Each structure stands twice: as C-alpha cells, then as structure tokens.
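Enquirer: Sequence and computational prediction follow.
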Amino acid sequence: MTALDFDARHLWHPYTNVLNPGPMHLITDAEGVWLTREDGTRMIDAMSSWWCAVHGHRHPAIIGAMTEQLQKMPHVMFGGLTHQPAIELGRKLVDLLPDGLDRIFYSDSGSVAIEVALKMAVQYQMALGHTGRTQFATIRGGYHGDTWKAMSVCDPVNGMHGLFSGALSIQHFLPRPPISLDQEWADDPTKNGLGALEKLLETKADQIAALILEPVVQGAGGMYFYHPKWLRQAQEMCKAHDILVIFDEIATGFGRTGELFAMDHTRVVPDIICLGKALTGGHITLAATAATENVARRIGESEASVLMHGPTYMANPLACAAAMASLDQLSVRDWRAEVHAIADQLTHELAPARQFPGVKDVRVFGAIGVIEMEQWVDPSVAHALAPKTGVWLRPFARNIYCMPPYIISADELSSVTSAMVSLARDLS
Ligand SMILES: *Cc1c(COP(=O)(O)O)cnc(C)c1O
C-alpha cells in the first residue's frame, strides 16, 4: 500500500467523506509561503494553513526558540508548577491586550479556549447568585469551534453543526448584524439589528450568562464583515443586565484585519477574549482565554473557589516558546504595512471576478480576500487544480477565499488572486 493509499484507507480528514476523501496531497516540506509535495511540485499556502502561519512556515526565529526550549523542557504539568515560557508569554499577552484583560488561561486549541470562556461566564454568574444563567446569546452566522458546547453557539442552521441541533443545549440566536462593514451605520434599532438584542435581554436576561461572538469578522460561518458600531451598543446593553461579553478572536487576532485585534476597529473591550490560531504562527497548537480582573475575582471569591478546568498540556512550554517568538515577529516586522499592502492588492486583483454571472460578492478586509459564489463550491475542485496553479486553496460553502501569510510577496499574491479569479470564472 502506498502512503496515500494507506491515508485514504485509514485516516479521517476534517469535514471529509471517509469513503471518498477526494484528491489528497502528500506534503513533505513547508517553508515560507510554500508547501512542497512528494513529487517536488510546490504550492503557495494561500490559507496560511487554516489562518495560523501568519509569518510563513518554518520561520527561523520560531524554530530557533522551539529548538532551544525542546532541549531544556518540552513539557511539565502546570498544576502547582510554572515556568519561564508561560510567564514571559503571559507578560507579552497582557502587554498586547487592552487594559483590563489580564487574567490568562492557557489551553491547547481554540475550541477548548471557547469552552473555558463559557465556563468562566457560568461560574461568574453563579458567583453573583445568578444560578439560572446557564445559557448563551450569540448572533447567527457564527463559528466557535467543534467541541460540544462551542458547537451549540455556532450558527444553528447554516453552520457546520446544523446536523446536531436537536442534541445541543438551547442558546439564543440573534440575527446577524445586518449593517455590513462598508455600509453606513444607522442608529435606528430596527435597522441596525440591536432591537432584537434589546428584546431578548428584556425577556430572557435571567437565563443568559454571556453574549459570545466574533467581533467584526465572522470567519468559518460565512466570511461576513459587519459594522463595529454594533459591538459598542451591544456591550452597553449587556452590561446593564450583568451579562458578560465574550469575543472570539481566534481567527482575527494578531493582525489579520489590519489592526492587532478586530475589536481595535472600535473601542470595545470585552469581559473575556479567546485567542488561538496565529498565536504560535502556525508552528504548534496553543490557545488562550483572557478575562478581566472582575471576572477572575468573582470566581476566586465564589463558593466553588476555582475555575473548574485544567488541560493536561496546559501552558505547554514548547508552545509558549513558539508563541513568544511569533509575537516578537509582530514587533520585528511592520506587519501593519504588510497587511495593508495585501489588502490593497486583493481589492485590486479580485475585483474582475465581480463581472462573472456566478459571483455574488467580492469583499476584502485586511489580509482576507473573499469571492462569494451564488452556488456551493466543491473544495475538491480547488484541491485537484492546486498542483497546476501552484496555489493551495480550500474553499468552503460558497466562498473562494484566501488568508495568506503576511510575508507573501506581491508576485506570489498575484498567483493567488489569479487562481481565485480563474476558479470563480470556471465555476460561473
Ligand atoms: C478555528 C476557530 C475556532 C476553533 O479553534 P480550533 O483550534 O480549531 O479548535 C474557534 N473560533 C473561531 C473564530 C475560529 O476561527
């Protein structure tokens, strides 16, 4: 059996038919923006390997920091023990996050960071004596991960978890903020969607622990960009009812939208924030949930007294060392200029796709470029084309999109946009 035959026969791949996985590429090497296949052909990773590898693959500074840590201590438990990589990364995160978000809980993946945030919110409410507040409010079109509770706050119909809707706990879904990023804000609550939140809070506040959402950019729920003003007013309304606000910046954190965090497009600071994906620059898995002093203190003073969570690989030193080196890259290079240049080029080069009959919308925000089709796009079509175009794309739902590493050159990005535009043309 060849390696690829074994893979097809025995290995599950994400959101992929186990009996008919479609075209599969065996990758032997990843460096910078390039992925190399077994036969030597190369493809640009226009996905940053699911939005993580923002500084490119196998970055020398990150590899160096990991190698050094690997020689000293790849792992040690975090219960009762601590270490420099966790402390230094903590200092860095507290420094980068807005004032107030300074109590950090490390975990091993984005979904777990969401579980931790939801648990924090429920324990916070219990501490206040609000024992009935065990449910969550969120907006339609969201995506927060694949674990059970995270799934329950993903879009209930169009999301990837519609299948499980009968088995998930009840949550409260608000309409997606209707005013998009490029539209003008309207103060009328029937137009800006906040009327629905107001109504929900008036009737159900005593059941709701927190409002959870992705600020400004909804990623895997549909690549939708909405007006940041929605967040400001939503937060004020939640605050009046003692309902916490949780921002999921797992996809948007660390520069992707042109600001360090998507929430920086407005002045809203949540009670809890979740980080992941680009945290280690795509070198190893790590996530973090940061809470305010108020949330941490209430839980600490509560009857339960501890946050009931503790992953085996919590604060893994190797991952913390990688994250430190990755975050250092944000100060070494002018990532903001890189992202703005990518945004300009994407805007320019994706525009021709607007004319194709099968294209519904073309939109760009920071280093995110989206061609939304009228019809669902079969990802295996893009997978099969990749060796020929030299560009690795993985469309989902109706979206042909890219989230390239910030270090991509203008020529390399042109290859990406032309692969996207020609795929949209072929499918039109
Ligand atoms: C990817 C993602 C998650 C889940 O992270 P995993 O590391 O895949 O568990 C949660 N929220 C958002 C917004 C994401 O993009």
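Expert: Received the coordinates, thanks. Given the structure is predicted, the values throughout are model-derived calculations rather than measurements. Numbering: from 1, shown residues only.
Enquirer: So out of everything in the protein, what residue is nearest the ligand?
Expert: Here the residue of the chain nearest the ligand is residue 110; by C-beta to the nearest ligand atom that distance is 2.1 Å. In short, each C-beta sits where N, CA and C put it, glycine included.
Enquirer: quick one, helices of the chain?
Expert: 3-10, 48-51, 60-72, 84-96, 110-127, 148-152, 189-192, 194-204, 229-240, 293-301, 317-332, 335-350, 379-389, 410-427 (DSSP state H).
Enquirer: could you check the angle helix 317-332 makes with the fourth one?
Expert: What it means is helix 84-96. 40 degrees (axes from the mean of the first three to the mean of the last three C-alpha atoms, to 10 degrees).
Enquirer: Show me the contact partners of helix 84-96.
Expert: Applying C-beta atoms under 8 Å, 6 or more residues apart in numbering, the contact partners of helix 84-96 are 69, 78, 101-102, 104, 106, 260, 275, 288, 290, 315, 317-318, 320-321, 323-324, 327.
Enquirer: interface residues of the stretch 151-300 of the chain facing the ligand?
Expert: 214, 219, 220, 248, 250, 251, 276, 277 (C-beta under 6 Å from any ligand atom).
Enquirer: ok so, going back, got phi/psi on the closest residue to the residue of the chain closest to the ligand other than its chain neighbours?
Expert: Nearest residue to residue 110, sequence neighbours excluded (C-beta to C-beta, 6 or more residues apart in numbering): residue 276, at 3.5 Å. Dihedral pair for residue 276: phi -170, psi -140, per degrees, to the nearest 10.
Enquirer: And residue 276, how far from residue 425?
Expert: Look at residue 276 and residue 425: by C-beta to C-beta, to the nearest Å, they are 35 Å apart.
Enquirer: With neighbour numbers in mind, choose between these two.
Expert: Remark: of residue 276 and residue 425, residue 276 carries more neighbours, 28 against 15, as counted by other C-beta atoms under 10 Å.
Enquirer: residues contacting the more buried one?
Expert: The contact partners of residue 276, by C-beta under 8 Å, 6+ apart, come to 109, 110, 113, 250, 253, 286, 287, 288.
Enquirer: need the contact list for the third one.
Expert: The reference is to residue 113. 105, 107, 250, 274, 275, 276, 287, 288, 289.
Enquirer: residues near the second one, how many?
Expert: Each residue near residue 107 was counted by other C-beta under 10 Å, and the total is 26.
Enquirer: just the first one next, same as before
Expert: Each residue near residue 105 was counted by other C-beta under 10 Å, and the total is 24.
Enquirer: Wait, it touches residue 115, no?
Expert: No. Residue 105 lies out of contact with residue 115 (C-beta atoms under 8 Å); the separation is 10.6 Å.
Enquirer: quick one, what contacts the residue positioned nearest the centre of the chain?
Expert: For the chain, the residue nearest the mean C-alpha position is residue 251 (2.0 Å; C-alpha atoms, centre = their mean). Residues near residue 251 by C-beta under 8 Å, 6+ apart: 51, 214, 217, 219, 220, 277.
Enquirer: Ok, residue 386 next?
Expert: Contacts for residue 386 (C-beta under 8 Å, 6+ apart) come out as 25, 43, 392, 393.
Enquirer: and the least confident of the residues of the stretch 151-300 of the chain next to the ligand?
Expert: Lowest pLDDT among those: residue 220, with 92.
Enquirer: Give me the pLDDT value at the closest residue to that residue other than its chain neighbours.
Expert: Spatially, and ignoring its direct neighbours in sequence, residue 220 is nearest to residue 143 (3.8 Å; C-beta to C-beta, 6+ apart). In this model, residue 143 is scored at 95, pLDDT.
Enquirer: What residues of stretch 345-365 count as buried?
Expert: For stretch 345-365, the neighbour count (16 or more other C-beta atoms under 10 Å) marks 345-346, 349-350, 353, 356, 358-359, 361-365 as buried.
Enquirer: no wait, stretch 407-416
Expert: Residues 407, 408, 412, 413, 415, 416 are the ones in stretch 407-416 that count as buried (16+ other C-beta under 10 Å).
Enquirer: Test my guess that the first one contacts residue 31.
Expert: Going back to what we said before, that points to residue 407. No. Assessed by C-beta under 8 Å, residue 407 is found out of contact with residue 31, at 11.1 Å.
Enquirer: any shared contact partners between those two?
Expert: With C-beta under 8 Å, 6+ apart, residue 407 and residue 31 have common neighbours residue 56.
Enquirer: re the thing from before, could the buried residues of stretch 345-365 go into TSV alongside pLDDT and distance to the ligand?
Expert: Below are the buried residues of stretch 345-365 laid out as TSV (pLDDT from 0 to 100; distance: C-beta to the nearest ligand atom, whole Å):
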residue	pLDDT	distance to the ligand
345	98	24
346	98	19
349	98	25
350	98	21
353	98	24
356	98	28
358	98	26
359	98	24
361	98	20
362	98	21
363	98	17
364	98	18
365	98	14
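Enquirer: re the thing from before, let's have the contacts of residue 276 in JSON lines, adding distance to residue 302.
Expert: Formatted as JSON lines, the contacts of residue 276 follow (distance: C-beta to C-beta, whole Å):
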{"residue": "109", "distance to residue 302": "27"}
{"residue": "110", "distance to residue 302": "26"}
{"residue": "113", "distance to residue 302": "21"}
{"residue": "250", "distance to residue 302": "27"}
{"residue": "253", "distance to residue 302": "29"}
{"residue": "286", "distance to residue 302": "28"}
{"residue": "287", "distance to residue 302": "24"}
{"residue": "288", "distance to residue 302": "22"}
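Enquirer: so who does residue 127 touch?
Expert: Each residue near residue 127 by C-beta under 8 Å, 6+ apart is listed here: 298, 299, 301, 302, 303, 304.
Enquirer: Which entries within these meet the buried criterion?
Expert: Among those, those classed as buried by neighbour count (16+ other C-beta under 10 Å) are 298, 299, 302.
Enquirer: so where's the stretch 151-300 of the chain shaky on pLDDT?
Expert: 159-162, 165 (pLDDT under 70).
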